[in-house]
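Q: whatever this is, show me its structure:
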Amino acid sequence: MNLKNHSIIALGYFLIIAFLGVLLRLFHVVDVPVNFKHIVHTHSHIALLGWIYTALTTLIYYAYLREKPISKKYISLFFFTQFTLIGMLISFPITGYALFSIIFSTLFLFASYWFFGFVNKHISPAQKSSNSFRLVKVGLWFMVLSSLGPWALGIIMNTLGGASIWYRTSIYFYLHFQYNGWFIVALFGIFFYILEQHNVDVSKKLFNKFYWLLTVSIVLTFSLSVLWAKPHIIFYIIGALGAVLHLFSFWCFLKILKPIKLGSFFSKQFLNLLILIGFLFVIKISLQLVGSIPFFADGIATNLDLVIGYIHWTFLGVVSIPLLMFLQYFKFIRLSKITISLYVIGFFLTEGLIFYKGYIRWRKENLIENFDLYLTIASFFLLISIILIFWVQLKIKFFKTVKSPKTS
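A: This next block holds a predicted model:
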């Protein structure tokens with residue numbers, strides 16, 4: 001089993017969603033002969049379940065299970081998961097939410113439960129007690145918890161209907177515990193795994209404080225996902241408390257890092273990306289805190305561009321950049337200074353334009369002329385950077401195959 005191939009497959013999904021992202025931008029510039037909503041569903045599902053899930057589960061398997069005699073069982077799980085993803089990739093563009101796409105989405109949920117059980121069954125007692133796996137395990141529990149959202153959707157559609165506030169709440173429940181729970185907490189776990197591999201001594205008291213603040217804050221900040229419904233003031237208070245605790249958890253994380261000489265075992269590129277991710281994470285938490293204020297919460301609820309900007313900030317920045325960074329650290333992929341720079345430029349250009357549009361809509365002013373064209377061009381930067389990243393991996397794999405066909 002070659003986990004580098006799994007990483008290339010994950011990057012393939014990343015490339016597909018980048019292409020679909022550009023396609024969605026083109027809808028506002030030229031006539032595109034496909035169904036917009038169907039492409040949106042494909043884009044969102046393959047982003048979360050194709051790119052992030054495949055890359056993250058590959059990292060978790062490598063970190064904790066690669067030395068155990070279970071590779072054949074994992075291969076079965078991996079290919080079943082890919083079967084469900086390919087099914088979604090084919091069915092969503094054609095039918096949108098319909099019989100086959102729902103079947104494949106449901107099968108994916110079972111695949112994720114399989115992975116959850118697989119990891120917990122084969123993890124050793126020593127690994128279970130490590131700081132890193134404690135975080136990964138919480139992340140996995142958040143993944144399972146998030147699945148309650150999709151299960152609830154079917155019941156809600158058949159009883160209350162799509163116009164019910166519970167319909168939208170179920171979607172946000174799923175997204176919140178995917179983005180903020182499963183993805184981010186597991187990524188913290190992978191980072192602490194790397195520190196453990198370098199025998200870095202971390203204060204148990206400080207880590208426990210970080211661990212509990214992070215976990216509790218994620219649960220509490222779900223309140224921010226229901227403020228669009230203008231609930232009781234207590235939900236605003238809970239959301240604000242969660243955002244503050246989230247900020248304190250990151251402060252604890254920085255205190256953990258302070259005495260560690262990261263430059264002794266991390267490359268300059270890794271450290272630069274780490275600083276960038278820290279900046280993106282602080283902005284994300286700050287946006288959560290601002291979003292807990294009733295005045296801003298009410299405005300954001302009706303401003304789709306600000307919501308999309310926040311989701312992309314988290315997905316393309318806070319989650320995807322550390323994924324790329326970790327995949328390179330473990331030598332699954334190779335990133336050049338040019339490709340990662342192009343990616344970061346494309347990220348900030350698209351985010352700047354999306355938030356600009358949200359701000360202008362908030363002010364009820366007119367956008368600059370040809371705005372949609374500029375946003376499409378900015379999205380091309382992201383697409384080109386991911387094409388180059390993907391191409392480099394294929395190029396490396398091709399030359400290795402030519403050089404050593406017996407081991408390919």
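
Q: F279 versus the closest residue to L388 other than its chain neighbours, what's the distance?
A: In this structure, L388 finds its nearest non-sequential neighbour in T339, 4.7 Å apart by Cβ to Cβ, 6 or more residues apart in numbering. All C-beta spots, glycine's among them, are computed from the backbone N, C-alpha and C. Here the criterion is Cβ to Cβ, to the nearest Å. By it, T339 lies 20 Å from F279.

Q: between the two, which one's more packed in?
A: T339 (20 against 12; other Cβ atoms under 10 Å).

Q: which residues touch that one?
A: 385, 388-389, 392 (Cβ atoms under 8 Å, 6 or more residues apart in numbering).

Q: quick check: which element contains it?
A: Using DSSP states H and E, T339 sits within helix 337-363.

Q: what mean pLDDT does the helix or strand just after that helix get?
A: Once the chain leaves helix 337-363, the next helix or strand it forms, by DSSP H and E, is helix 371-403. Confidence for helix 371-403, expressed as mean pLDDT, is 86.

Q: please apply the same query to stretch 140-155.
A: In the prediction, stretch 140-155 has an average pLDDT of 94.

Q: please list all residues in contact with the closest residue to H41 other than its chain neighbours.
A: Among residues not flanking H41 along the chain, F92 sits closest, at 4.8 Å (Cβ to Cβ, 6+ apart). Shown here is F92, whose contacts under the criterion Cβ under 8 Å, 6+ apart are 38, 41-42, 45, 101.

Q: ok, and the most crowded of those?
A: Top of those by neighbour count (other Cβ under 10 Å): T42, with 27 neighbours.

Q: what helix or strand is that one on?
A: Using DSSP H and E, T42 maps to helix 36-45.

Q: which helix or which strand is home to the residue nearest to H41?
A: helix 71-95.

Q: which of the residues in that helix are buried?
A: For helix 71-95, burial by neighbour count (16 or more other Cβ atoms under 10 Å) applies to 74, 77-78, 80-82, 84-85, 87-89, 91-93.

Q: and those as TSV, adding pLDDT and distance to F188?
A: Formatted as TSV, these follow (pLDDT from 0 to 100; distance: Cβ to Cβ, whole Å):
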residue	pLDDT	distance to F188
Y74	95	23
L77	96	24
F78	96	24
F80	97	28
T81	97	23
Q82	97	26
T84	97	27
L85	97	25
G87	97	31
M88	96	28
L89	96	29
S91	96	34
F92	95	31
P93	95	34
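
Q: dump the residues you listed into a markdown table; add distance to V344 as well.
A: Conversion of the buried residues of helix 71-95 to a markdown table gives the following (distance: Cβ to Cβ, whole Å):
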| residue | distance to V344 |
| --- | --- |
| Y74 | 33 |
| L77 | 34 |
| F78 | 30 |
| F80 | 35 |
| T81 | 30 |
| Q82 | 29 |
| T84 | 32 |
| L85 | 27 |
| G87 | 33 |
| M88 | 29 |
| L89 | 27 |
| S91 | 34 |
| F92 | 29 |
| P93 | 29 |
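
Q: and which of the residues you listed is nearest V29?
A: Closest approach between the buried residues of helix 71-95 and V29, by Cβ to Cβ: P93, at 19.7 Å.

Q: how about the contacts made by that closest one?
A: By Cβ under 8 Å, 6+ apart, the residues touching P93 are 34-35, 38-39, 42.

Q: returning to that earlier point: relative to helix 71-95, how tilted is the helix holding T42?
A: Orientation of helix 36-45 against helix 71-95 (axes from the mean of the first three to the mean of the last three Cα atoms, to 10 degrees) gives an angle of 160 degrees.

Q: same for helix 36-45, what does it pack against?
A: Packed against helix 36-45 by the contact rule (3 or more Cβ pairs under 8 Å, 6 or more residues apart in numbering; DSSP states H and E) you find helix 3-26, helix 71-95.

Q: hey, what's the angle from the shortest one to helix 71-95? Just curious.
A: In other words, helix 3-26. Using the same axes, to 10 degrees: helix 3-26 against helix 71-95 is 10 degrees.

Q: pull out the buried residues from helix 3-26.
A: Judged by neighbour count using 16+ other Cβ under 10 Å, the buried positions of helix 3-26 are 3-4, 6-18, 20-25.

Q: distance check, D31 against K209.
A: Between D31 and K209 the distance, using Cβ to Cβ, works out to 55 Å.

Q: what of F355?
A: As for F355, its distance to K209 is 33 Å (criterion: Cβ to Cβ).

Q: also L195?
A: Distance, L195 to K209, by Cβ to Cβ: 17 Å.

Q: and for S292?
A: From S292 across to K209, the span is 22 Å (Cβ to Cβ).

Q: quick one, which of the two is more surrounded?
A: Set side by side, S292 and K209 show more neighbours around S292, with 23 against 18, by other Cβ under 10 Å.

Q: what about stretch 118-136, distance to the chain center?
A: Relative to the centre of its chain, stretch 118-136 is centred 22 Å away, using Cα atoms, centre = their mean, to the nearest Å.

Q: got the buried residues for that stretch?
A: 118-119, 122-123, 127, 130-136.

Q: low-confidence stretches in this protein?
A: Under the criterion of pLDDT under 70, the regions of the chain flagged as low confidence span 1, 398-408.

Q: switch to 80 and redo it
A: Counting by pLDDT under 80, the low-confidence segments of the chain come to 1, 161-163, 397-408.

Q: now do the helices in the stretch 151-300 of the chain.
A: Secondary structure of the stretch 151-300 of the chain by DSSP state H, counting those that start in this stretch: the helices cover 165-176, 184-197, 204-220, 233-257, 268-291, 294-301.

Q: closest to I285 out of the contacts of T339?
A: Sorting the contacts of T339 by distance to I285 puts S385 at the head of the list, at 26.1 Å, by Cβ to Cβ.

Q: ok, which of the helices and strands packed on helix 36-45 comes nearest Y236?
A: Between Y236 and the helices and strands packed on helix 36-45, the shortest gap by Cβ to Cβ is with helix 3-26, which sits at 32.3 Å.

Q: so what does that closest one touch, helix or strand wise?
A: helix 36-45, helix 53-64, helix 71-95, helix 320-329, helix 371-403.

Q: so which of these gets nearest K261?
A: Taking Cβ to Cβ as the measure, the helices and strands packed on helix 3-26 were each checked against K261, and helix 320-329 came out nearest at 16.9 Å.

Q: what does that closest one contact?
A: Here helix 320-329 makes contact (Cβ under 8 Å, 6+ apart) with 7, 10, 14, 51-52, 55-56, 58-59, 187, 190-191, 194, 270, 273-274, 276-277, 280, 333-335, 340, 343-344, 389.
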